[in-house]
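Enquirer: no sequence for this one, just the structure:
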């Protein structure tokens, strides 16, 4: 939005500052109250002072323990089951192996409510915001306006797990509009990890699913660098595997769905990956559409480190819907470059404010 003398003002939402009472309000009242209680506007040029957003939120022992236990279950559970599976194959009796297989099937396929809103208004949601000092910087508030078309948020990097994007399922639904995260279908049936969908709703990442949900007014968040992005890391730079992945741009031209370029600062610091240098684990992971790599976080366990996470949302890329015959490689490239430019711009503009001035972003 523009205020005063035509200066661009950017909105900052610090969700960890939300008063508990605000989270329990009806949606419209919650949106208005949150803008007052957790919203801040930038200075001239839409820029926040250097390191002004680098501090961490205070959190109680009970709140921190609750978040550790939750993520320990969701991330550690699949690891434990993975090793138990091999133990059962080689050492268990046939009867016990069958019992274990039934147990796995129950964990993988028992009903989990999609679009669950209960956590949004809970003290646990506030604890999650505090644990990660979760902030959202929005360059254009039109994306929160219900009259604006439902959009696709494209927010790299994937990292070991796109925790920033998962938390956004809580955050966007709390202070904006209906928002689901899109993930690989295998996630919906991965024991324990599938409970991440309780953070606000999860849909399949297929084009058909995304189109269907946006037509119903639901905004969708995706991690455009995907599983391949997990294997692109650099200690000195944020590496985004997106330079030649133009499927999102083509989808936008086919459907007219606006794309919101975004970036999750801090996501690559939450967990540390290890994978072979020969590309074997990456190849297998991409074939299976599931991540196969070693990772660790706090205390060397599959528990996220307490790292500040800031979601940066650039201005939406709005395109006209075209017929398939009108879509050319040049038009796809043009839209794709706008998406990359939006991601790069919002990263470079705000990285100093969150204490990341030394970092650069690189597309490969």
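Expert: Received the coordinates, thanks. Quick caveat, the model's predicted, so the values are computed rather than measured.
Enquirer: In this structure, where is pLDDT below threshold?
Expert: 1-9 (pLDDT under 70).
Enquirer: longest strand anywhere in it?
Expert: Criterion DSSP state E: the longest strand present in the chain is strand 259-265.
Enquirer: After that strand, which helix or strand is next? Please name it.
Expert: Going down the chain from strand 259-265, the next helix or strand is helix 267-270, by DSSP states H and E.
Enquirer: Run through the helices of the protein in chain order.
Expert: 20-23, 27-37, 61-91, 94-109, 123-131, 163-175, 207-215, 247-255, 267-270, 280-288, 329-350 (DSSP state H).
Enquirer: Which elements pack onto the longest one?
Expert: Other elements packing on helix 61-91 under the criterion 3 or more CB pairs under 8 Å, 6 or more residues apart in numbering; DSSP states H and E are helix 94-109, helix 123-131. The way it works is simple: take the backbone N, C-alpha and C, and place the C-beta from them, glycine included.
Enquirer: circling back: specify the angle between the longest strand of the chain and helix 329-350 in degrees.
Expert: On the basis of axes from the mean of the first three to the mean of the last three CA atoms, to 10 degrees, strand 259-265 is oriented at 40 degrees to helix 329-350.
Enquirer: Report the distance from strand 259-265 to the chain centre.
Expert: Once both centres are worked out by CA atoms, centre = their mean, to the nearest Å, strand 259-265 turns out to sit 9 Å from its chain's centre.
Enquirer: just checking, what packs against that strand?
Expert: Going by 3+ CB pairs under 8 Å, 6+ apart, strand 259-265 lies up against strand 152-154, helix 163-175, helix 247-255, strand 310-313, helix 329-350.
Enquirer: Please repeat the previous calculation with a cut-off of 10 Å.
Expert: If you count contacts as 3 or more CB pairs under 10 Å, 6 or more residues apart in numbering; DSSP states H and E, strand 259-265 packs onto strand 135-138, strand 152-154, helix 163-175, strand 219-222, strand 237-240, helix 247-255, strand 310-313, helix 329-350.
Enquirer: circling back: point out the most buried one among the helices and strands packed on helix 61-91.
Expert: Of all those, helix 123-131 has the most neighbours on average by mean count of other CB atoms under 10 Å, namely a mean of 22.
Enquirer: ok, now how distant is residue 224 from residue 252?
Expert: Computed as CB to CB, to the nearest Å, the residue 224 to residue 252 distance reads 12 Å.
Enquirer: Please enumerate the shared neighbours of the two.
Expert: Overlap of the contact sets of residue 224 and residue 252 (by CB atoms under 10 Å, 6 or more residues apart in numbering) consists of 152, 154, 259, 339.
Enquirer: Distance to residue 323 and neighbour count for the residues you listed - can I get that in a markdown table?
Expert: Output for these, formatted as a markdown table (distance: CB to CB, whole Å; neighbours: other CB atoms under 10 Å):
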| residue | distance to residue 323 | neighbour count |
| --- | --- | --- |
| 152 | 20 | 25 |
| 154 | 24 | 26 |
| 259 | 19 | 25 |
| 339 | 21 | 22 |
